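A.B. asks: need a 3D model of the following:
(one chain, ligands or ions: 1)
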Amino acid sequence: MKRPSIYLLPERIRISNENFTHFCLLLKHNSKDYNPVACKSIFRINLGNKLLLIFMFYNVHTHRQSRGKDVLSIENRYENFDSDLSGIYVSLGLHPWYLDAGHLEAQLGILAKNARRPEVLAVGECGLDRITDTDWTLQVTAFRKQIALAQHIHKPVIVHCVKAFNEVLSELKNISVPVVFHGVNKKWSVVQPVIDAGYFLSFGKAILSDHEYILETFRATPLERVFLETDDAELDIREIYKSAARIKNIPEKEIVLQLEKNFNNVFKQ
Ligand SMILES: [Zn+2]
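C.D. replies: The predicted structure follows:
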């Protein structure tokens, strides 16, 4: 079961999900200092001489329901774009694995109609994949049209890129909305051009591994360009945050604060 992370200084305590809402309401009524709006990523609540901190975690790309009082997720949809989105945030995009030449124009039409909805924080994942069987020209066509859509509606793009960094970067050359390359698991020399181009890298389960080349990539990526995600893995985003802090050798709080800044800069709601 997912649990909100609650830190009571100097001791750390944990509270179950069921208690959490009730607990926050109690705090709200009992504490003059409760002001989650002023500080979203770490709720600071003074309780007498104790300080309670509640971290907010951002999961920018997941294919699962990854909900919790202290997690803000962008759930990915590659079909059923006109489904109910109440209470959630999503990214909508045509994934290169599931393109269908016969229906591309129709799918792009439904995507364009729905991508404007306020719950849609990004277009994607979309991109280019050298390993999948999908026809390359079809992939390029679908990617170009989704880049154009994102530009038109001023929303960021979440990119799927497999063995096609040069091609993806060249397609993105004239883009003016933010771009996030998700699922990064490559060595630094491969992804450095993405950072040089001003884009963001989103890391997931790869940083739970002990592959030194991935850890090196993560260490080399400036925190101002980092996002974290669970993608299709059954993982808790809080574990990825912990691992990120360990690899960067900085307090988890620093990651929490910077990633919230990044989120607010890129995914303006
Ligand atoms: Zn994905």
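A.B. asks: from the chain's centroid, how far away is stretch 133-143?
C.D. replies: For stretch 133-143, the separation from the chain centroid amounts to 24 Å (computed by CA atoms, centre = their mean, to the nearest Å).
A.B. asks: which parts of it are buried?
C.D. replies: 134, 139, 141-143 (16 or more other CB atoms under 10 Å). Using the backbone N, CA and C atoms, a C-beta is placed for each residue, glycine as well.
A.B. asks: stretch 168-175 too?
C.D. replies: Buried, per 16+ other CB under 10 Å, within stretch 168-175: 168-169, 171-172, 175.
A.B. asks: wait, residue 82 sits on residue 112?
C.D. replies: No: in this structure, residue 82 is not within contact of residue 112 by CB atoms under 8 Å, at 11.6 Å.
A.B. asks: out of the two, which sits in the busier spot?
C.D. replies: Per other CB atoms under 10 Å, whichever of residue 82 and residue 112 has more neighbours is residue 112, with 18 against 11.
A.B. asks: what residues does the nearest residue to the more buried one once chain neighbours are set aside make contact with?
C.D. replies: Counting by CB to CB, 6 or more residues apart in numbering, residue 149 is the residue found nearest to residue 112 once chain neighbours are left out, at 5.5 Å. Counting by CB atoms under 8 Å, 6 or more residues apart in numbering, residue 149 makes contact with 108, 111-112, 115, 123.
A.B. asks: that older thread, so can I have TSV of the buried residues of stretch 133-143 showing secondary structure, pLDDT and distance to residue 232?
C.D. replies: Below are the buried residues of stretch 133-143 laid out as TSV (DSSP: H, G, I helix; E, B strand; the rest coil; pLDDT from 0 to 100; distance: CB to CB, whole Å):
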residue	secondary structure	pLDDT	distance to residue 232
134	coil	97	18
139	helix	98	20
141	helix	98	25
142	helix	98	20
143	helix	98	20
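A.B. asks: strands along this structure, start to end?
C.D. replies: With strands called from DSSP state E, the chain shows them at 6-9, 42-47, 50-55, 57-62, 71-77, 89-92, 120-129, 157-162, 179-181, 200-203, 226-228.
A.B. asks: sorry, back to before: any common contacting residues for residue 82 and residue 112?
C.D. replies: What both residue 82 and residue 112 touch, as defined by CB under 8 Å, 6+ apart, is an empty set.
A.B. asks: for the closest residue to residue 193 other than its chain neighbours, give me its contacts.
C.D. replies: Nearest residue to residue 193 in three dimensions, chain neighbours excluded: residue 169, at 6.0 Å (CB to CB, 6+ apart). Counting by CB under 8 Å, 6+ apart, residue 169 touches 193-194, 197.
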